[in-house]
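S.K.: how would this look folded up:
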Amino acid sequence: MMLSKRIKSRSGMTIMELMITVAIVGIVAAMAVPRFQIGYERIKFRAATREITSQIRLARSYAVSTKNQHGVYFDPATLSYTLFKDLVNTGAMQYDVGDSIISLKTLPGVFNFLATDDINNSIVFRSNGSTSGTVNVITMASTPDIIGIHQHTILAATGRIETISSYY
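M.R.: Modelled structure (predicted):
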């Protein structure tokens, strides 16, 4: 008898309580969305940086495995980079018209700067994995929420790549 009174006296949630709960969840979600957008942009920048690193490593790997010079040419005007086999003027250690193009990639639209400190804008690996000199490749991307700067340093003697990323 007592149990049936207790069950009948229980009341459910009112529509007002439900609306307040939905409003609180909506406010918290609205505050979190901008943080997710910034995180998403950082992920895109990191993916582009990893892709550049991958192409440089692939050029070095091709050079060592095939015993032919391979490299990556960076084109600041089109914000693109080209993986190539060095066939023309191999002593110059640079990209020339006529070299065999293996792949051509363009940076995502948010990138607005690509530069190297090499006068020829290229990194060429010898068959032992070394380059003619240490080369720095710098990319910058900007959106209304974030500015990302990536620097790749390719060491001459070993072909090792060091990457530094900064976000502002």
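S.K.: pLDDT below threshold where in this protein?
M.R.: In the predicted model of the chain, residues 1-12 satisfy pLDDT under 70.
S.K.: which residues in it form helices?
M.R.: With DSSP state H as the definition, the chain shows helices at residue ranges 2-9, 15-66.
S.K.: okay, those in JSON lines with mean neighbour count and distance to Phe113 next?
M.R.: C-beta coordinates here come from the backbone N, C-alpha and C atoms, glycine included. Written out in JSON lines, the entries for the helices of the chain read as follows (neighbours: other C-beta atoms under 10 Å; distance: least, C-beta to C-beta, whole Å):
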{"stretch": "helix 2-9", "mean neighbour count": "8", "distance to Phe113": "70"}
{"stretch": "helix 15-66", "mean neighbour count": "14", "distance to Phe113": "12"}
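S.K.: so can I have CSV of those showing distance to Asp96?
M.R.: Below are the helices of the chain laid out as CSV (distance: least, C-beta to C-beta, whole Å):
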stretch, distance to Asp96
helix 2-9, 87
helix 15-66, 15
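S.K.: spatially central, which residue of this protein would that be?
M.R.: If you average the C-alpha coordinates of the chain and look for the closest C-alpha using C-alpha atoms, centre = their mean, you land on Ala48, 2.3 Å from that point.
S.K.: that one against Lys105, yeah?
M.R.: No - taking C-beta atoms under 8 Å as the contact criterion, Ala48 and Lys105 are not neighbours in contact, 9.3 Å apart.
S.K.: His70 reaches Lys85, doesn't it?
M.R.: Yes - applying C-beta under 8 Å, one finds His70 in contact with Lys85, separated by 5.4 Å.
S.K.: and for the two, which residues touch both?
M.R.: 62, 102 (C-beta atoms under 8 Å, 6 or more residues apart in numbering).
S.K.: more neighbours, those two?
M.R.: Each of His70 and Lys85 had its neighbours counted (other C-beta atoms under 10 Å), and the higher figure belongs to His70 (25 against 18).
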